[in-house]
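Q: one predicted model, sequence on top.
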There are 2 protein chains.
Amino acid sequence: MPAEEFVVTPYEVKGRIDYARLREMFGTQDLDAALLDRLRAVAGGELSPLLARGVYYSHRDLGAVLDLFEKGSPFFLYSGRGPSGPLHTSHLVPFELCRWLQARLGVPMYIQITDDEKYWARNGLSREETARWGMENLYDLLALGFDPKRTHVFFDSRSIAALYPLAIRVARKIPYSTVKAVFGFEPSTNIGLVFYTALQTVPCFWPSWAEGRTVPCLIPCGIDQDPHFRVTRDIAEGLGYPKPALLHSQMLPGLLGESAMSTTGDRADNALFLNDPPKVVERKVRQAFTGGRTTVEEQRRLGAVPEVCSVWALWRTRFARSDEEFAQVTRDCRSGAMLCGECKSKVLERIHPFYAAHAVARERTKEWAESTIVTTAPKPL
Amino acid sequence: MPAEEFVVTPYEVKGRIDYARLREMFGTQDLDAALLDRLRAVAGGELSPLLARGVYYSHRDLGAVLDLFEKGSPFFLYSGRGPSGPLHTSHLVPFELCRWLQARLGVPMYIQITDDEKYWARNGLSREETARWGMENLYDLLALGFDPKRTHVFFDSRSIAALYPLAIRVARKIPYSTVKAVFGFEPSTNIGLVFYTALQTVPCFWPSWAEGRTVPCLIPCGIDQDPHFRVTRDIAEGLGYPKPALLHSQMLPGLLGESAMSTTGDRADNALFLNDPPKVVERKVRQAFTGGRTTVEEQRRLGAVPEVCSVWALWRTRFARSDEEFAQVTRDCRSGAMLCGECKSKVLERIHPFYAAHAVARERTKEWAESTIVTTAPKPL
């Protein structure tokens, strides 16, 4: 694949991604300063690091959702996880933004755990594994600080009675040709995966069904997931529901230097898993791909390139404590004042306490995680 | 379409069907005298009219199921109904055989009401309609005389929590190319219908899952439904379940003279609906297509042709009280001794009391129909 080529679908990310071009290809809108100002205003004068530092960079219909919010009609948040193994830090990106929005705006959060989809999408995984990872991943997500009273979980295999009445209506609206075109399905694709996008659409409409009125939906997700929700948006109005709005993040570079922190195949060292012991975290960060130069002399003279660096991405998403600190790290990297070894030592001083605190918070969620799982339909449909 | 051409799929029946050739095309076995003798023996010396009069004429693996039964391992029965409107008398054919087998052999019966499939397969139908007809049809089916203690119903939209864990496993085994080839799906087919065959397969394996041991399955169905279960049989062993055995019936000719009693489109007069008032039944039978000749003189001389006659099919399936009476009706038809008007008067004398008794039995099932609907999974899967 030539350097300027890349592929981004919900099932494949390949090549060095040109995010501006990807936004144009997908036909999404720029998350510009005016919109960020409006977000800052409704959130009480601050912006989440992920918004302030440009990790979220694209959207669909965010303005319309904010219009309604400003008039007193709150939206709900929806994000999901396909449980194929332990979570890594990149998986947290949509959920950290959701947690921040929930804390600032008091809005409900719906989390979908797609233990069926992952079983259909990955031949090597057993149902026992996707179900077990589903619960393990859920503990990790809830531990970010979600409000137990305002957080609702669709755990597909266990929530199907709640989801299916709406899924029946959604599925009739989606022809095979659409999912084939959008997801690049082959004749060998199993019929579970073909059906799946109907179930991924259901949470977008579920609160409107449950409450019997229009409840807008906002979905923070990696831009690679946008095609799923393009299908959703196309059918929403025909079913009498609002189109979900989207907030798209860039994918974070993997520790091995790839465009996205995927660990499919034999690439466990490409990411920091939340269940990695401290020694493993230390080793992975120490060996991580950076934007540094081949010699100290050269780096002092030319500086490094943060945009391609997997360690800079760690500072950017959560380990810089303020936007000022993040700006300082970026300047010191670019100028050559800070070498990669020093930078890695500093970020590790943040990562280890984060892991320790997370482990405690995670354990506590086990007391209430079950209570968030929705198992019944709100009413006949 | 030339006279010798016909089409039989689960979604289309067209042309004058050559049943022997259809059996060869589908690769099923002949339901021969030896097998009928074995069935008669296990059933206490008698055969159901539908077996004795050749309505059931083909099978897959019936011998293997009887081998096990004779050794003390009973099978269960499974049949289904797609609720798109009122039932007509042809719809009863698989269920009447099931009821007879249950009464004679004491075996469990599983009925699937596919209110999701019918919504996906027929664009004119609303979900409210398929759900409502699902219950209405269920009352009619249970009224045939099923044992409330041994009869279990999967009402898809309401039983999905019981079905879905197994459907997830089934769906991964079925590639899109298979359902496309078997059912003739088009790019415009919705993804619900593409997924559906997974749900139709689940009841075949469900009792084995629930009981944690191998429970053989026997499915009486119209031969047009065989393709569904060919898919099921292909994947059964890979999932650790036995292949379901099948008993295939011919389709009964419609009152308007078509090969099958379909009422899709503007063909309500093609069938006797169970909710037709007596006057409508009278009119439909009086105007029904027969195998008679154009003049009385010709019919007295040449006799009529019972095999193409929709009224003869009524005698054959249920209104002749004995095989002897059925043989007599057939002889009198073929010889010209009985003209069509007289034959219709005689069969109406049987149909009216059948309708009256059915209405009473149907009303009684409303007390216990709900209790047959399975809503929970037996255990994690």
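A: Yep, it's here.
Q: C-alpha from now on. contacts and neighbour counts both.
A: OK.
Q: shouldn't residue A:152 be within a strand?
A: Yes: the assignment for residue A:152, made by DSSP: H, G, I helix; E, B strand; the rest coil, places it in a strand.
Q: contacts only, for it.
A: By CA atoms under 8 Å, 6 or more residues apart in numbering or on different chains, the residues touching residue A:152 are A:108, A:109, A:110, A:111, A:372, A:373, A:374.
Q: so who does the spatially closest residue to residue A:142 that is not a sequence neighbour touch?
A: Using CA to CA, 6 or more residues apart in numbering or on different chains and skipping the chain neighbours, the partner closest in space to residue A:142 is residue A:365 (6.5 Å). Counting by CA under 8 Å, 6+ apart, residue A:365 touches A:139, A:142, A:143.
Q: what about 10 Å?
A: Counting by CA atoms under 10 Å, 6 or more residues apart in numbering or on different chains, residue A:365 touches A:138, A:139, A:140, A:141, A:142, A:143, A:144, A:145, A:146, A:148.
Q: my read: the fourth one touches residue A:359, true?
A: No: Residue A:141 lies out of contact with residue A:359 (CA atoms under 10 Å); the separation is 11.6 Å.
Q: who has more neighbours, these two?
A: Neighbour comparison, residue A:141 and residue A:359: the larger count goes to residue A:141, with 21 against 16 (by other CA atoms under 10 Å in any protein chain shown).
Q: torsion angles phi and psi at the more buried one?
A: phi -70, psi -50 (degrees, to the nearest 10).
Q: list the contacts of it.
A: With CA under 10 Å, 6+ apart, residue A:141 has these contacts: A:81, A:87, A:91, A:92, A:95, A:96, A:99, A:111, A:135, A:362, A:365.
Q: one more time with 7 Å, if that's ok
A: By CA atoms under 7 Å, 6 or more residues apart in numbering or on different chains, the contact list for residue A:141 reads residue A:95.
Q: got a pLDDT number for it?
A: Listed pLDDT for residue A:141 reads 98.
Q: ok, it to chain B distance?
A: Distance of residue A:141 to chain B, computed by CA to the nearest CA, to the nearest Å: 24 Å.
Q: from chain B, how far off is the residue lying closest to residue A:70 once chain neighbours are set aside?
A: Closest residue to residue A:70 apart from its sequence neighbours, by CA to CA, 6+ apart: residue A:42 at 7.6 Å. From residue A:42 across to chain B, the span is 40 Å (CA to the nearest CA).
Q: neighbours of the closest residue in space to residue A:177 that isn't next to it in sequence, how many?
A: Excluding the flanking residues, the one nearest residue A:177 by CA to CA, 6+ apart is residue B:187, at 4.7 Å. The number of residues packed near residue B:187 is 13, by other CA under 10 Å.
Q: let me see the contact set for residue B:187.
A: A:175, A:176, A:177.
Q: burial of residue A:123, as a residue count?
A: Residue A:123: 9 surrounding residues under other CA under 10 Å.
Q: ditto for residue A:20
A: 11.
Q: over to residue A:291?
A: The tally of other residues near residue A:291 (other CA under 10 Å) stands at 20.
Q: ok, it - contacts?
A: For residue A:291, the contacting residues are A:304, A:305, A:306, A:308, A:309, by CA under 7 Å, 6+ apart.
Q: if you set the cut-off to 10 Å instead, what comes out?
A: A:257, A:299, A:303-312, A:333-334, A:340.
Q: do the same with residue A:55
A: Contacts of residue A:55 (CA under 10 Å, 6+ apart): A:49, A:93, A:222, A:248, A:249, A:250, A:251, A:252, A:313, A:316, A:317.
Q: angles on the backbone of the most centrally placed residue in chain A, please.
A: Central residue of chain A (CA atoms, centre = their mean): residue A:94, 3.4 Å from the mean position. Backbone torsions for residue A:94, taken as degrees, to the nearest 10, come to phi -70, psi -40.
Q: repeat for residue A:242
A: Dihedral angles (degrees, to the nearest 10) for residue A:242: phi -80, psi 150.
Q: now do the residue nearest to residue A:177 against residue B:118, distance only.
A: 19 Å (CA to CA, to the nearest Å).
Q: show me where pLDDT drops low in the stretch 1-150 of chain A?
A: Across the stretch 1-150 of chain A, the ranges flagged by pLDDT under 70 are A:1-4.
Q: all strands of it, in order?
A: In the stretch 1-150 of chain A, the strands defined using DSSP state E, counting those that start in this stretch lie at A:6-9, A:12-15, A:29-30, A:56-60, A:76-81, A:109-113.
Q: picking up where we left off before, from the contacts of residue A:365, which single one is nearest chain B?
A: residue A:138 (18.5 Å; CA to the nearest CA).
Q: between the one helix or strand residue A:230 maps to and strand A:56-60, how many degrees?
A: Assigned by DSSP states H and E, residue A:230 falls within helix A:226-236. Per axes from the mean of the first three to the mean of the last three CA atoms, to 10 degrees, the angle that helix A:226-236 makes with strand A:56-60 is 20 degrees.
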